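Undergrad: missing the sequence, but the structure's below:
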């Protein structure tokens, strides 16, 4: 079946540095990818919707300059957390879809810890 | 704005019994899909069941079935013959093509 690969699964970085998270659709072309953030024991919060070849659509309250999303190809979207702070520590997860009437597939998530 | 509401933060069921998880949603879109996802401690999101809004027939997947009431914007999940492995967080979600929004989740505990 379709698989979405998210890398890295865990990352620890120092305050002030940037970290990039990749989301790849392995056997299908993803026209749309979604990025979520999940705090412990809470639901997934949609951060942004990424469409190939166009700018990402960010949800209200999500800082565009801090969470840079690039969807350069139909199989790859990246989320870059810039100038990371400890409060950015969280679980980030992506999902991808061929299109509206196709199933959504999730990556396994990335645990980000900022020290 | 699209919203999904799960009013049960926690539910408990005995093994082999049946439990129903509630979900209501609100969307202005005429075309949408509804999902139930399971998230075990590994944090992986596992699709449990999917319902197309244009279909009146309730989706079923083995022990999992939904009660989809479109007019009431209600989408509950019934788990029959509960198993210990069903213990997890369950999230209801609505996908309109523009966004996939989740409810706050229901933690399901299965007791022997």
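TA: Received it, and whenever you're ready, just let me know what you need. It should be emphasised that the depicted structure is a prediction, and the values quoted were computed from it without experimental measurement.

Undergrad: Next up, the contacts around the residue nearest to residue B:10 when sequence neighbours are not counted.
TA: Of all residues not flanking residue B:10 in the chain, residue B:107 sits nearest, at 4.7 Å (C-beta to C-beta, 6 or more residues apart in numbering or on different chains). Bear in mind the C-beta positions are built from the backbone N, C-alpha and C, glycine included. Contacts were defined as C-beta atoms under 8 Å, 6 or more residues apart in numbering or on different chains; by that measure residue B:107 touches B:9, B:10, B:11, B:88, B:89, B:90.

Undergrad: what's the closest of the residues you listed to residue A:72?
TA: residue B:89 (32.7 Å; C-beta to C-beta).

Undergrad: Can I take it that that closest one is in a strand?
TA: Yes: note on residue B:89: a strand contains this position according to DSSP: H, G, I helix; E, B strand; the rest coil.

Undergrad: still on that earlier bit, confidence score at the residue nearest to residue B:10?
TA: Listed pLDDT for residue B:107 reads 96.

Undergrad: Centre-most residue in chain B?
TA: For chain B, residue B:36 is the residue whose C-alpha lies nearest the centre (C-alpha atoms, centre = their mean; 3.3 Å).

Undergrad: follow-up on the earlier one: with respect to residue B:79, which of the contacts of residue B:107 is nearest?
TA: Of all these, residue B:90 has the smallest distance to residue B:79: 8.7 Å, by C-beta to C-beta.

Undergrad: Show me the beta-bridge partners of the closest one.
TA: Residue B:90 has these beta-bridge partners by DSSP bridges: residue B:38, residue B:106.

Undergrad: Assess the claim that it and residue B:47 are in contact.
TA: No: with contact taken as C-beta atoms under 8 Å, residue B:90 and residue B:47 are classed as non-touching, separated by 11.5 Å.

Undergrad: Pull up the overlap in contacts between those two.
TA: B:36, B:37.

Undergrad: Can you pick out the residue with more neighbours from those two?
TA: residue B:90 (24 against 15; other C-beta atoms under 10 Å in any protein chain shown).

Undergrad: For chain B, see how far away the spatially closest residue to residue A:74 that is not a sequence neighbour is.
TA: Counting by C-beta to C-beta, 6+ apart, residue A:29 is the residue found nearest to residue A:74 once chain neighbours are left out, at 3.8 Å. With the distance defined as C-beta to the nearest C-beta, to the nearest Å, residue A:29 ends up 16 Å from chain B.

Undergrad: neighbouring strands for the helix or strand of chain B with the lowest mean pLDDT, and are they parallel or not?
TA: Least confident element among the helices and strands of chain B, by mean pLDDT, DSSP states H and E: strand B:100-102 (a mean of 86). Each strand that pairs with strand B:100-102, with its direction, by DSSP bridges: strand B:88-95 (antiparallel).

Undergrad: Give the rounded mean pLDDT of the partner strand.
TA: Here the average pLDDT along strand B:88-95 is 94.
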